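[1] Let me see the structure of the following:
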Amino acid sequence: MSNLKVIDEIINTFLYGNDELSYAFNRQTKEIISDVDDVTGDLVKIPQISSTECYDLMVTFSKGLDDDIAALLVEVLNGERPFGAFKDKVSEHGIENKWYEFENNYAKIKMTEWLEKQM
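    Numbering: from 1, shown residues only. Below you'll find the predicted structure:
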């Protein structure tokens with residue numbers, strides 16, 4: 001498997017993995033394994049983004065936008081259903097791609113650093 005494909009899969013697991021499953025990366029085969037109970041030997045647990053980290057990322061993204069949109073997004077993040085409301089507002093304002101690019105760039109930097117430490 002190419003290194004680009006590996007990092008893309010690790011990013012996907014970090015951002016969108018099922019919270020009820022544990023994911024591991026096999027350093028030898030470069031495979032991602034889901035629903036792993038015991039992480040030993042060549043297996044290392046892949047971290048997943050926490051809700052706190054995701055919230056902070058949304059706030060950081062919001063603060064980089066025009067004042068009106070930034071204020072609106074920060075407001076919904078402090079209300080009910082903050083994650084869903086944030087994604088709804090991002091979509092309504094046509095900046096969904098910008099958000100996903102921001103989120104993916106963050107994850108790429110973080111998971112590339114993580115992967116380098118594992119190898």
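
[2] Provide a list of residues in contact with the residue positioned nearest the centre of the chain.
    Centroid check for the chain by C-alpha atoms, centre = their mean gives Leu15 as the closest residue, at 2.9 Å. Contact analysis of Leu15 by C-beta atoms under 8 Å, 6 or more residues apart in numbering lists 48-49, 103-104, 107. C-betas here are computed from N, CA, C, even on glycine.

[3] Just to be sure, which of those are found in strands?
    Using DSSP state E, the subset of the contacts of Leu15 located in strands is empty.

[4] right, and the pair among those with maximum separation?
    Gln48 and Asn104 (15.1 Å; C-beta to C-beta).

[5] out of those two, which sits in the busier spot?
    Applying other C-beta atoms under 10 Å to Gln48 and Asn104 shows that Gln48 carries more neighbours, namely 17 against 14.

[6] confidence score at the more buried one?
    Looking at Gln48, its pLDDT is 94.

[7] Same check on Leu4?
    71.

[8] Equivalent analysis for Ser34, please.
    Here, the pLDDT recorded for Ser34 equals 88.

[9] From Asn18, how far out is it?
    8 Å (C-beta to C-beta, to the nearest Å).

[10] And for Leu115?
    20 Å.
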